[in-house]
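> Structure, please.
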Amino acid sequence: MTRDSDERLTAADLGMPEATGSRRMDWAALPREVTARIEQRLGSPVAQASSQPGGFSAGLAARVRLRNGERAFIKAANSLTAPAEADFHRREIAVSERLPREVPAPRLLDAYDDGTWVVLAFQEIPGHLPAQPWQREELHRALAAVTEMANVLTPSPVDQAILAKPRLGGWSAMAGDAAVRGKVEELSPWAAHHVDQLAALEENAALDGATLLHGDLYPFNIMLTADRVFVVDWPHAWIGPRHCDAVTLMSSASLSGVDPRPIAENHPLTRDLDPARINEVLALHAGFLLRTAVAAGPDADPHIVAMMTALGLASLRWLRTRL
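Just a heads-up that it's a prediction; the model follows:
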């Protein structure tokens, strides 16, 4: 691979992987005491359950229809076999309980944590994931919803103390790790030869802000109905500049052959920004995604690694044109 090979990567090369983790659990695999407790809390037995594609999380993600006719979306993880996912669920409970009703997110109906199983029951959204490659009308709807979220979530209704640190950055660490840097070079020779510049962008990034951000706003965390956009999966929320979610969502558009530049130049959250602020977000997200992907061990979910690689390279492609 030559230094210029990054230029020859096409949208097909970097296309969004199938948005489904390889470690999803079926409803029937849940212990009976767990399903019984879910049914008790929802007030009716489950008549039908179907595991859902979309997203990359381990554990259960299922739409259920109750015998009384009500519906819900259930997420569950076992702390013993999927401790990271269980911790994400605990944080998502804390965030979801505090989201204002005006936020375009599913309403949390109920949740419990018995120390082993962490379960969340959400309002079911009778919608679908955005088409990939992005359709422009759906992309513009999603970006309009990001503006709506930023307005409602500034200032943040959630206290910083219950949130995780933002999943950002990685170039500074990669600059001093020859093995990891070598793996990154296989993916992006340009990035490997500009690690110092990328590290400087992340180290000097201006991340002060008062907006509650989703922190993982990509197509697999969006649901579309006929007239609304819902943003799901909030465990990685953090407080920062109001433009960050918009920039990460725009960066995914390049996987569909869409140039993010004119979108950013016209979007209300980015059109008046100092260009350096967009560059910083792109560097921070690419650094986190690629460092995590190249450092993944043999037991890592290959779907997640493929997703992180594609999205990290998408951010780099846009950033490269801006630099």
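> Would you check how far apart the residue nearest the centre of the chain and Ser252 are?
When C-alpha atoms, centre = their mean is applied to the chain, the residue found nearest the centroid is Asp216 (2.6 Å). Computed as C-beta to C-beta, to the nearest Å, the Asp216 to Ser252 distance reads 11 Å. Yep, even glycine has a C-beta here, placed from its N, CA and C like the rest.
> cool, Glu70 as well?
Distance of Glu70 to Ser252, given as C-beta to C-beta: 34 Å.
> Have a look at the two and say which one is more surrounded.
Of the pair Glu70 and Ser252, Ser252 is the one with more neighbours under other C-beta atoms under 10 Å, namely 24 against 13.
> Please look at that one and Arg317 and confirm they touch.
No. Using C-beta atoms under 8 Å, Ser252 makes no contact with Arg317, being 11.3 Å away.
> can you pull the buried residues of stretch 27-46?
27, 30, 34-35, 37-38, 42, 46 (16 or more other C-beta atoms under 10 Å).
> Using PDB, write out the CA atom coordinates for it.
Extracted in PDB, the C-alpha atoms of stretch 27-46 (Å, rounded to 0.1, in the frame of the first residue of the first chain):
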ATOM      1  CA  TRP A  27     -35.400 -13.800  24.100                       C
ATOM      2  CA  ALA A  28     -35.600 -17.600  24.600                       C
ATOM      3  CA  ALA A  29     -32.100 -17.600  25.900                       C
ATOM      4  CA  LEU A  30     -32.900 -15.400  28.900                       C
ATOM      5  CA  PRO A  31     -33.300 -17.200  32.200                       C
ATOM      6  CA  ARG A  32     -37.000 -17.700  33.100                       C
ATOM      7  CA  GLU A  33     -36.600 -15.700  36.300                       C
ATOM      8  CA  VAL A  34     -35.500 -12.700  34.200                       C
ATOM      9  CA  THR A  35     -38.300 -12.900  31.700                       C
ATOM     10  CA  ALA A  36     -40.800 -13.400  34.500                       C
ATOM     11  CA  ARG A  37     -39.600 -10.300  36.200                       C
ATOM     12  CA  ILE A  38     -39.800  -8.300  33.000                       C
ATOM     13  CA  GLU A  39     -43.400  -9.500  32.500                       C
ATOM     14  CA  GLN A  40     -44.300  -8.600  36.100                       C
ATOM     15  CA  ARG A  41     -42.900  -5.100  35.700                       C
ATOM     16  CA  LEU A  42     -44.600  -4.600  32.400                       C
ATOM     17  CA  GLY A  43     -47.900  -5.900  33.700                       C
ATOM     18  CA  SER A  44     -48.500  -8.700  31.200                       C
ATOM     19  CA  PRO A  45     -46.900 -11.900  29.800                       C
ATOM     20  CA  VAL A  46     -44.900 -11.600  26.600                       C
END
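> can you give me the mean pLDDT across that stretch?
Per-residue pLDDT values over stretch 27-46 give a mean of 95.
> let's have the chain start at 25 instead
Sure, I'll start numbering at 25, so the last one becomes stretch 51-70.
> Strands of the stretch 175-324 of the chain, start to end?
For the stretch 175-324 of the chain, the strands defined by DSSP state E, counting those that start in this stretch occupy 235-237, 246-248, 253-255, 262-264.
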